[in-house]
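A.B. asks: fold the following for me, if possible:
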Amino acid sequence: MSLARRGIVSRPVLFIAFAFAVMADPVSSVAYTIEASLRSLSGHLSLLLVTQVIVLAIIALVDVNYWQLVGRYPLGGGSSEAAAKAFGTGWVFVPIGALIVDFVLTIAISVAAGGSALIAYFPTLARGRIALGIALLVGVAALTWFGHGGRLIFAAMTLLFTASAAVMLVHGFLHPAVAHGRAPTTGPTGPPVAAVLLSFPVAMALATGTEAPSTAIGQLGQLGADDRRRFARGTLALTLVIVAGLTIAITALAVRLHVGIPGADSTQIADVARASTGGGFDYGLFQATSALLLLAAASSSFQAGPGLLKALSRHPQSAGVGILPRSLGTTNAHHTPYRSVAVYVAASVLVLLVAGGHEQELVLVYAVAVFVSFLAGLSAMARFSVREGRFGLALVNVAGAVAVAFTLVVNLARGYPLLSLAATLLIAAGLYVAWIRQGRPSGVEDVELLAEAAADQ
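C.D. replies: Coordinates of the predicted model:
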């Protein structure tokens, strides 16, 4: 039983712990999405800031839609419940499949980026990049054996990273250690408008984790519907403010100091920090908190992903919906479904190997699966709004869905991100077939809520 359930933790403290734990994923993505955007712009720093502004504007639009979704489902449920209620139970498996893929990719990209942060500080580690990534991945997975007690740690890592980033930014804007020369570009951009429109979908990986508050409120069983709604909406707003503030500030500093595409053994955000601080204690602190936050994001997915498989299993311990084999719901003394954790370890190691341990190889793929879930949720909200005659809200819902669809199309047109979509649809189809074979058991539309509620045991 949690401290909050016992009444030991006050509401403000509980909100801070909840909000900063939930936002670990989107905040950590700042570490690699700015660089991904610059790479897609062929190193043209002059277009980087406007690209990030467009990204954040679309994230704000998605947030508005999830604000509405939380109002409709204040106890949790997210896109999967909305899709089931709007289009029929069978459609629930599309966002579920997207989430399963998203958790695997979050683990892989977060571990790879954490390894890159360590390599930027200790370049000699570059020779063993893949081994380092696998070691970090297995280490994070091993911590899940002890259950879900790490949420306060996730919150602490987010706060530490935000604080160290603030120190670095103040140093960089007021007293930068290095005056960089003009950063090289790697290719032509073509018309600036076209370049920005084709590059901003790459950085939309920054939107990952946007849906998390709408499902994570399922953990807050000690709160009523109104309080859960306030917690989720407050987290949505606070996350947007922090992610937007960090993204704009770091991007502006990179442009000001002319920090372009990094070398093979560094990252752009590490180069920005080094140019700002000169490589001293502040730089080391920033790199350490970056790596820890990224590993915390991976750990969060190592808890949420297996929890979702547990909720889909037929094991008596899981109180699940009876689709997947019962072995996936078997837990240890700490309520950890360790066989489901093993599934995620295997899948994440495979992805890490294919990417060569480089997070930039995964950014495009990463931004696909989660946007399938977004599209399902936003389309559902549009349908609800039309049914209820709320046409102003319907326009907002449709605008969000169109922006998400455009992002998906542009990223899929690059080729290999199709693998992420294919994996999502294959998993969704497999779950749908399993559901049919098991006699269409009820409760599948609440599977995300079941998974989150079980996490608070």
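
A.B. asks: from now on I want contacts and neighbour counts done on CA atoms only, so please keep to that.
C.D. replies: Will do.

A.B. asks: how about residue 129, nearest residue that isn't a chain neighbour?
C.D. replies: residue 357 (6.0 Å; C-alpha to C-alpha, 6 or more residues apart in numbering).

A.B. asks: show the model's pLDDT score for the one you found.
C.D. replies: What the model reports as pLDDT for residue 357 is 91.

A.B. asks: same check, this time on residue 186
C.D. replies: Reported pLDDT for residue 186: 69.

A.B. asks: where in the protein is pLDDT low?
C.D. replies: Flagging of the chain using pLDDT under 70 yields the residue ranges 1-9, 146-151, 179-184, 186-187, 189, 315-321, 449-457.

A.B. asks: so how far is residue 105 from residue 252?
C.D. replies: Separation of residue 252 from residue 105 (C-alpha to C-alpha, to the nearest Å): 28 Å.

A.B. asks: which of the two has more neighbours?
C.D. replies: The neighbour comparison of residue 252 against residue 105 (other C-alpha atoms under 10 Å) goes to residue 105, with 28 against 17.

A.B. asks: for the more buried one, helix, strand, or coil?
C.D. replies: helix (DSSP: H, G, I helix; E, B strand; the rest coil).

A.B. asks: what helices and strands are in contact with the helix or strand that contains residue 340?
C.D. replies: If you go by DSSP states H and E, residue 340 is part of helix 338-354. Contact analysis of helix 338-354 by 3 or more C-alpha pairs under 8 Å, 6 or more residues apart in numbering; DSSP states H and E lists helix 93-121, helix 129-143, helix 281-312 as its packing neighbours.

A.B. asks: go through the last one and flag the buried ones.
C.D. replies: Just to be clear, that refers to helix 281-312. Residues of helix 281-312 classed as buried by neighbour count (16 or more other C-alpha atoms under 10 Å): 282-312.

A.B. asks: in stretch 231-239, what counts as buried?
C.D. replies: Buried residues in stretch 231-239, defined by neighbour count with 16+ other C-alpha under 10 Å: 231, 232, 233, 234, 235, 236, 239.

A.B. asks: nearest to residue 125 among the residues you listed?
C.D. replies: For these, the minimum distance to residue 125 (C-alpha to C-alpha) is 32.7 Å, reached by residue 239.

A.B. asks: distance of the residue nearest to that closest one when sequence neighbours are not counted relative to residue 312?
C.D. replies: Nearest residue to residue 239, sequence neighbours excluded (C-alpha to C-alpha, 6+ apart): residue 23, at 6.0 Å. Distance, residue 23 to residue 312, using C-alpha to C-alpha: 25 Å.

A.B. asks: any idea where the helices of the stretch 101-250 of the chain begin and end?
C.D. replies: Secondary structure of the stretch 101-250 of the chain, counting by DSSP state H, counting those that start in this stretch: helices at 129-143, 151-174, 192-199, 212-216, 225-256.

A.B. asks: what's in contact with the one helix or strand residue 31 maps to?
C.D. replies: Assigned by DSSP H and E, residue 31 belongs to helix 30-40. Helix 30-40 is contacted from outside by 44-45, 48, 51-52, 113, 199-200, 202-206, 243, 246-247, 251, 260-261, 267-269, 290, 359-360, 363, using C-alpha atoms under 8 Å, 6 or more residues apart in numbering.

A.B. asks: what angle do that helix and helix 93-121 make?
C.D. replies: 90 degrees (axes from the mean of the first three to the mean of the last three C-alpha atoms, to 10 degrees).

A.B. asks: and the next helix or strand past helix 30-40?
C.D. replies: Where DSSP H and E defines the elements, the next helix or strand beyond helix 30-40 is helix 48-72.

A.B. asks: same for that next one, what does it pack against?
C.D. replies: Packing contacts for helix 48-72, counted by 3+ C-alpha pairs under 8 Å, 6+ apart, involve helix 30-40, helix 78-87, helix 192-199, helix 212-216, helix 225-256, helix 363-387, helix 391-412.

A.B. asks: so what touches that helix?
C.D. replies: Residues contacting helix 48-72 (C-alpha under 8 Å, 6+ apart): 34, 37-38, 41, 76, 78, 82, 196-197, 199-201, 203-204, 206-207, 210-211, 214, 229, 232-233, 236-237, 240, 244, 247-248, 251-252, 255, 374, 377-378, 381, 396-397, 399-400, 403.

A.B. asks: where's that helix relative to the chain centroid, distance-wise?
C.D. replies: Relative to its chain's centre, helix 48-72 lies at 14 Å (C-alpha atoms, centre = their mean, to the nearest Å).

A.B. asks: what angle do it and helix 391-412 make?
C.D. replies: Calculated by the same axes, to 10 degrees, helix 48-72 forms an angle of 130 degrees with helix 391-412.

A.B. asks: wait, is residue 442 part of a strand?
C.D. replies: No. Residue 442 is assigned coil when assessed by three-state DSSP, not a strand.

A.B. asks: what count of nearby residues applies to it?
C.D. replies: For residue 442, using other C-alpha under 10 Å, the count is 12.

A.B. asks: over to residue 226?
C.D. replies: 11.

A.B. asks: leaving out chain neighbours, which residue sits closest to it?
C.D. replies: residue 74 (7.1 Å).

A.B. asks: and if you look at residue 145?
C.D. replies: residue 336 (6.0 Å).

A.B. asks: check which helix or strand covers the one you found.
C.D. replies: Judged by DSSP H and E, residue 336 forms part of no helix or strand.

A.B. asks: for it, phi and psi?
C.D. replies: With angles defined as degrees, to the nearest 10, residue 336 sits at phi -90, psi 120.
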